[in-house]
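Peer 1: quick one: sequence and predicted model below, then my questions.
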Amino acid sequence: MLNPTLFLVFYIFTYILLCLFLIFTVKVRLSGPRFITISFILLISFVCGLRDQYVGTDTYTFYSLTKLMVSADSYLWAKDYVYYFFSRLGYQIAGYQLSVLLTTVITSSALALAVLRIIKISFKSDRSNNIIMTKTVCITLIFILMMSSSDFLMQIANQTRQIMALAIFILAITYFYENKYIIFSILTVLAIFSHHSLVLVILALIVSMTVKNIKIHFLILMGSFLLFATGISTHLLDAFGLGVSEGSIYAQALNSAASLYIKTVITIGLGLILYFLYYKKYGKYGHGFEFIFIRIYMMLASLSILYLGFAEASNRIQRYEGVIFPIILILILRKYRINALHIIVVLIISASYFSFMMSYYSTLKTLGFYSSEIKLL
């Protein structure tokens, strides 16, 4: 099992390995989208699936609940049946480690397969004249940007239920795009019962399918900010029974209100970058996966702003945005004249944020570096 130190070492090693693979791919024009997809699944499954119970502040909680479910032969009060089904299955076969490994393998496989399908379908339906942005380069860039995101790390190594739900739903959307509604429906049900908060992402998808003008989504985002700034959003959510009770974990503050606000500013800033890049190339409307996901992103950003008064609830919504951002960015960049220098700049920015994230107190605390158990080692 990987303790926090070994986990951190291998996670950084995986990130560096993907960066080196990208540079090599750009240089020799290597074409192996399936190879990099399978490699990502294996690497993430190894690093995150073999972590010990002290990596991730929620890891031990989920494990304890799984044990309790097995002993009671019941799902108790849990709503996330799909996640706990696989967690229980792994535990009953080989204990803690397989419980964590099995859920991680399913999550990483669903996410990687979704990215592979998105890129393959995008290249098939809308070919780009950008020679350097091959399928393999696009997929590798998405994986690198995901790994450098705190939202991805905090979920794959901690809040596994949430990213499992999102991964399965992103995969479902690829079938929705191909009009395969039965597969889409089945995967969506599985996603909902992996983590119930996915209902918000489904709501964002429904709204995005109804409101197709990207300018309106921009105005909704700005309107959400004004509603929060004036305090109206918090009162309205409470009045309609859509708020979060004070006793709920989702209403509890994070390490500090400032960190949440800074993260929100970053989220809005990234959303605006996506909006202007998209609008410049497509205008008010568009097509392809980028058109679907950018509207979902902006709706989630609007919701996270409205829920800022409920602290952790807003943070959990932003977790979804951090995972889908790389997909949208790379799909949009395909339409621009990207060269090797641009990719190096993206890698430098990614590596800089990755370094900051890995040295941040909140990240290290979540990974178990300041727990009493680790201090005894």
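Peer 2: Looks like it arrived, so ask away. Numbers count the residues shown, from 1 in each chain.
Peer 1: how about the residue most central in space within the chain, what does it touch?
Peer 2: The chain has Val323 as the residue nearest its centroid, 2.6 Å off, counting by C-alpha atoms, centre = their mean. By C-beta atoms under 8 Å, 6 or more residues apart in numbering, the contact list for Val323 reads 111, 146, 149, 151-152, 155, 163, 166. Bear in mind the C-beta positions are built from the backbone N, C-alpha and C, glycine included.
Peer 1: going by distance to Leu221, which of those residues wins?
Peer 2: Asp151 (18.4 Å; C-beta to C-beta).
Peer 1: pretty sure that closest one contacts Arg316?
Peer 2: No. When contacts are counted by C-beta atoms under 8 Å, Asp151 is not listed as touching Arg316 (9.9 Å).
Peer 1: what's the local residue count around the nearest residue to Val100 once chain neighbours are set aside?
Peer 2: Counting by C-beta to C-beta, 6 or more residues apart in numbering, Val100 lies nearest to Gly49, which is 5.8 Å off, once chain neighbours are set aside. Applying other C-beta atoms under 10 Å, we find 25 residues neighbouring Gly49.
Peer 1: what about the host helix or strand of the residue nearest to the centre of the chain, average pLDDT?
Peer 2: Secondary structure from DSSP states H and E places Val323 in helix 312-333. For helix 312-333, the mean pLDDT works out to 89.
Peer 1: against Met298, how distant is the residue nearest to Ser149 when sequence neighbours are not counted?
Peer 2: In this structure, Ser149 finds its nearest non-sequential neighbour in Gly322, 4.5 Å apart by C-beta to C-beta, 6+ apart. Distance of Gly322 to Met298, given as C-beta to C-beta, to the nearest Å: 14 Å.
Peer 1: mind checking which of those two has more residues around it?
Peer 2: For Gly322 versus Met298, the count of surrounding residues by other C-beta under 10 Å is larger for Met298: 29 against 22.
Peer 1: isn't that one up against Leu272?
Peer 2: No. Using C-beta under 8 Å, Met298 is not in contact with Leu272, being 9.5 Å away.
Peer 1: now the helix holding Val323 - C-alpha only, CSV.
Peer 2: The C-alpha trace of helix 312-333 is given here as CSV (Å, rounded to 0.1, in the frame of the first residue of the first chain):
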residue,chain,number,x,y,z
GLU,A,312,-18.7,23.3,0.9
ALA,A,313,-21.8,22.9,-1.3
SER,A,314,-20.3,25.4,-3.7
ASN,A,315,-16.9,23.7,-3.6
ARG,A,316,-18.4,20.3,-4.5
ILE,A,317,-20.1,21.9,-7.5
GLN,A,318,-16.8,23.4,-8.6
ARG,A,319,-15.2,19.9,-8.4
TYR,A,320,-17.2,19.0,-11.5
GLU,A,321,-16.0,22.1,-13.4
GLY,A,322,-12.4,21.3,-12.7
VAL,A,323,-12.6,17.9,-14.4
ILE,A,324,-14.5,18.9,-17.5
PHE,A,325,-12.4,22.1,-18.1
PRO,A,326,-9.5,20.3,-19.8
ILE,A,327,-11.8,18.6,-22.2
ILE,A,328,-13.4,21.8,-23.3
LEU,A,329,-10.1,23.7,-23.6
ILE,A,330,-8.5,21.1,-25.8
LEU,A,331,-11.5,20.7,-28.0
ILE,A,332,-11.6,24.4,-28.6
LEU,A,333,-7.8,24.7,-29.1
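Peer 1: ok, then the element right after it?
Peer 2: As assigned by DSSP H and E, the chain's next helix or strand after helix 312-333 is helix 340-359.
Peer 1: who does the helix or strand following that next one touch, helix- and strand-wise?
Peer 2: Using DSSP H and E, the helix or strand that follows helix 340-359 in sequence is helix 361-366. The helices and strands touching helix 361-366, judged by 3 or more C-beta pairs under 8 Å, 6 or more residues apart in numbering; DSSP states H and E, are helix 150-156.
Peer 1: now do the helix it packs on: everything it contacts.
Peer 2: Outside helix 150-156, the residues that touch it by C-beta under 8 Å, 6+ apart are 11, 44, 48, 104, 107-108, 146-147, 162-163, 166, 318-323, 357, 360, 363, 366.
Peer 1: ok, now how distant is Leu198 from Ile296?
Peer 2: Leu198 is 12 Å from Ile296, where distance means C-beta to C-beta.
Peer 1: so between the two, which is more surrounded?
Peer 2: Comparing Leu198 with Ile296 by other C-beta under 10 Å, the one with more neighbours is Ile296, at 26 against 22.
Peer 1: buried stuff in the strand or helix carrying Gly90?
Peer 2: Using DSSP H and E, Gly90 sits in helix 81-94. Residues of helix 81-94 classed as buried: 82-91 (neighbour count, 16 or more other C-beta atoms under 10 Å).
Peer 1: quick check: next helix or strand after that helix?
Peer 2: The C-terminal neighbour of helix 81-94 among helices and strands, as given by DSSP H and E, is helix 96-125.
Peer 1: what score does the closest residue in space to Leu236 that isn't next to it in sequence have for pLDDT?
Peer 2: Nearest residue to Leu236, sequence neighbours excluded (C-beta to C-beta, 6+ apart): Leu227, at 7.5 Å. In this model, Leu227 is scored at 89, pLDDT.
Peer 1: so where do the helices sit in the stretch 201-350 of the chain?
Peer 2: For the stretch 201-350 of the chain, helices defined by DSSP state H, counting those that start in this stretch occupy the ranges 214-229, 232-239, 257-282, 288-306, 312-333, 340-359.
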